[in-house]
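Colleague: build the 3D model from these lines:
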Amino acid sequence: MPRKRIFIVEDEHVIAEHLRQSLTAEGYEIVGVAHSGEEAVADAGGTSPDLVVMDIVLTGQMDGISAAQRLQPLGISVVYLTAYSDRHLLERAQHTEPLAYVMKPVKMAELAAVLQLALFKQEQEKKREQDGNRKLAVRREADEQFRLMVAGVTDYAIFTLNAIGNIDSWNRGAEKINGYSQQEILGQAYGILFTTEERERNVPLTELEEARQHGVADDTRWLVRKNGEHYWAEGTLTAIHDDAGVVTGFAKITRDSTDRKQMQEALRQGEERLRIALHAARMGTWHWDIRTNRDSLDDNLRALFGLRPEQAPEKIEDFYALLHPDDRSRVQAAFEKTRHEGVHLDTEFRVVRSDGSERWFIDQGEVIRDDAGEPRYMAGACVDITERKRAEQALQESEERFRLFVNNVHDYALFQMDTEGRIATWNSGAERVLGYTAEEIIGQPSRRIFVAEDIAAGVPEREMQVAATLGRSMDERWHLRKDGSRFWCNGVMTVMRDDAEKLRGFAKVMRDETARRTADQQLKNSLKEKEALLKEIHHRVKNNLQVITSLLSLQSGAVEDQNIREMFDEACNRVRSIGDIHELLYRSPDLAHVDFNTYLHQLAQNLLSFYRVDPNRIRLDISSNVDLPLSQAIPCGLIVNELLTNSLKHGYPEPKSGDIRVFLNCERDECVLEVADNGVGFPQQFKVGQTSSLGLQLVSVLARQLGGDLRLETTAGARVRIVFPRTELESVH
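Modeller: Numbering: from 1, shown residues only. Here you go, the predicted model:
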């Protein structure tokens, strides 16, 4: 396999030479060395390096960040060397998208590991660019790898906050650095880690708001451990957004840099900040010296394998012995293929730990050859992917359950379409409702199930357009079965988008509602018939009452006795009041209730006209806030008729004037009907039960019919008050 090509940019010649020799010894090909930014831009592009190791602070007009910006369009990746970590410098550097940072003074073992991981990351990014259609499972794998890496990191405090700044996750590094266990810290406010002075200055909330507004906030400052000890922390607070761009929480990465702070305090001009994401991974590295057959694991990988220091493998055969027996031969073959053919090592296996538990790992690595092309050593990294494997298994089981659910739904047609409207999936319910088998319909345009007139009107395309714009589209319309028959369908089309909000297709749920639609239509027709019948009944009752009124009027005309004629007239008024109620019902869309306010005004006008009352002499105040059911409207109407007649005839002898008030109000379960005047009033010691007046006797009887309580007052006129229970009756439309 060709050696990786490295270009070095370092203005200190001694350091540059040290880097060249050390990296050459590590098996890298050094394609050039530059001592200024201008020289790097001029030479690096022509050498086509795999990676540029770039000092940030360089002599000359162009620093390392500016040089990296000039190289970035050429696709040349950078690993920065720097002795500085001030906020402004790192903010500039991050815009060049470096693969890693290495702090000076450089440890060559650390630099070699960083370059190896950076090149590994670079290779992975290239693969992702070439495979733009990678499945969701790949993304979940990467997420799970990162989560597992974070959980195992002990040198960095990595934790998350909810949207209001309370801690909701806490890794082992956070426990080690801050002293709080997970049980003690979860749910606590983020400010618990700050000094008293910064809490008083509201720094925690200010930092949260800065991250919320700008996406990231620097958190390089003195923090406080559980035991009260202050330590210098370098870190960042990053806002976490959901797919809609809403901040749902924050992620925090920090490390204890107290020693670095003490050593470099005189050289620092601002806050320190360090973000090395690759070193925060939950992974371990290994190295196999092929010439000596010596195999070594780093401490992290040894711990991931569940090994004590004395149990660490010494030879490659010891490593193979740690693997699950079912995976051993396959992994050994992969190692040998990489060793002899130079292909990238990429394999998965299980390790049986000493406690009998099994853990899944993904192992990736490369073979390094000498100048003669002979394999010198292999190196790589292992990541614990046990949780990802469990999640994949759970996902497979969930997808299988969902598939069985969809395929066993028979009453609903469930299917999916691509962005062009071609049918992509088809369940058994769709086959039952529409008549097509999955083999017949998949790949066909969805307009095949639409009726001809909707196709001509562009309905299928419009439905997809509405769903794509609004997220869903609902419809009720005729659709077409395979046999050509039509059926009435209720359907919902929902848009399907990926995590990048790119349109991936549509999902459709349909149900045959032909029987329901027919039943609804029959019910509507039946209601119309009943409504017409009720109106006809009210119309006939009104006409019959009119006949009775006419007969009474004719009979009254043949009577010479004035008292008897008045009795006939009052009887006519009583019948007419009932007729007015039926007239209102006949004209109303609600055949069960009477607009009593309208009725009272109409009744009052009729009586004023009948008794030829001057409205300037006797004034009426009428108020009602309810519609009454017919069963209560008729007795209430008759009561008002009698009391209002009594006031007009007897309450105001000429030339006396005054006011009459008619009031009906219902609240909750009780109604109050009141007729009051300020006329001459009832005689002293008057009692309703002892009067010979037919009208007042009717009032008493009708009050009992309403189930009400009748009260009379004779002070300053006449006042009749009836309190009765309210009757509710549903409207008929």
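Colleague: in the protein, where is pLDDT below threshold?
Modeller: Counting by pLDDT under 70, the ranges of the chain that qualify are 1, 84-86, 131-153, 264-282, 397-411, 525-592, 684-695, 728-733.
Colleague: show me the residue at the heart of it, geometrically.
Modeller: In the chain, the C-alpha nearest the mean C-alpha coordinate belongs to A244, at 9.0 Å (C-alpha atoms, centre = their mean).
Colleague: wait, a strand at that one?
Modeller: No - under DSSP: H, G, I helix; E, B strand; the rest coil, A244 falls outside any strand and is assigned coil.
Colleague: now do the strands in the stretch 351-500 of the chain.
Modeller: Along the stretch 351-500 of the chain, the segments classed as strands by DSSP state E, counting those that start in this stretch run 358-369, 375-384, 413-417, 423-426, 472-480, 486-497.
Colleague: could you save those strands as TSV and add columns showing distance to L712 and mean neighbour count?
Modeller: Using the backbone N, CA and C atoms, a C-beta is placed for each residue, glycine as well. TSV is the format used below for the strands of the stretch 351-500 of the chain (distance: least, C-beta to C-beta, whole Å; neighbours: other C-beta atoms under 10 Å):
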stretch	distance to L712	mean neighbour count
strand 358-369	94	19
strand 375-384	93	21
strand 413-417	72	22
strand 423-426	80	19
strand 472-480	61	16
strand 486-497	62	16
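Colleague: how about these in TSV, adding distance to E91?
Modeller: Output for the strands of the stretch 351-500 of the chain, formatted as TSV (distance: least, C-beta to C-beta, whole Å):
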stretch	distance to E91
strand 358-369	32
strand 375-384	29
strand 413-417	45
strand 423-426	46
strand 472-480	42
strand 486-497	33
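Colleague: CA-only coordinates of the host helix or strand of L608 in CSV, if you can.
Modeller: Assessed by DSSP states H and E, L608 sits inside helix 596-610. C-alpha atoms of helix 596-610 as CSV (Å, rounded to 0.1, in the frame of the first residue of the first chain):
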residue,chain,number,x,y,z
PHE,A,596,-89.2,34.0,23.6
ASN,A,597,-87.9,37.5,23.4
THR,A,598,-89.4,37.9,19.9
TYR,A,599,-92.6,36.3,21.1
LEU,A,600,-93.0,38.7,24.1
HIS,A,601,-92.6,41.8,21.9
GLN,A,602,-95.1,40.4,19.4
LEU,A,603,-97.6,39.5,22.2
ALA,A,604,-97.2,43.0,23.8
GLN,A,605,-97.8,44.8,20.5
ASN,A,606,-101.0,42.7,19.9
LEU,A,607,-102.4,43.5,23.3
LEU,A,608,-101.6,47.2,23.2
SER,A,609,-103.3,47.4,19.8
PHE,A,610,-106.3,45.4,21.0
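Colleague: in it, what's buried?
Modeller: Neighbour counts over helix 596-610 (16 or more other C-beta atoms under 10 Å) mark 596, 599-600, 602-604, 606-608 as buried.
Colleague: farthest-separated two in the residues you listed?
Modeller: F596 and L608 (18.3 Å; C-beta to C-beta).
Colleague: tell me the contacts of the closest residue to F305 other than its chain neighbours?
Modeller: Residue nearest to F305 in three dimensions, not counting chain neighbours: V351, with 5.3 Å by C-beta to C-beta, 6 or more residues apart in numbering. Going by C-beta atoms under 8 Å, 6 or more residues apart in numbering, V351 touches 305-306, 322-324, 358-359, 361.
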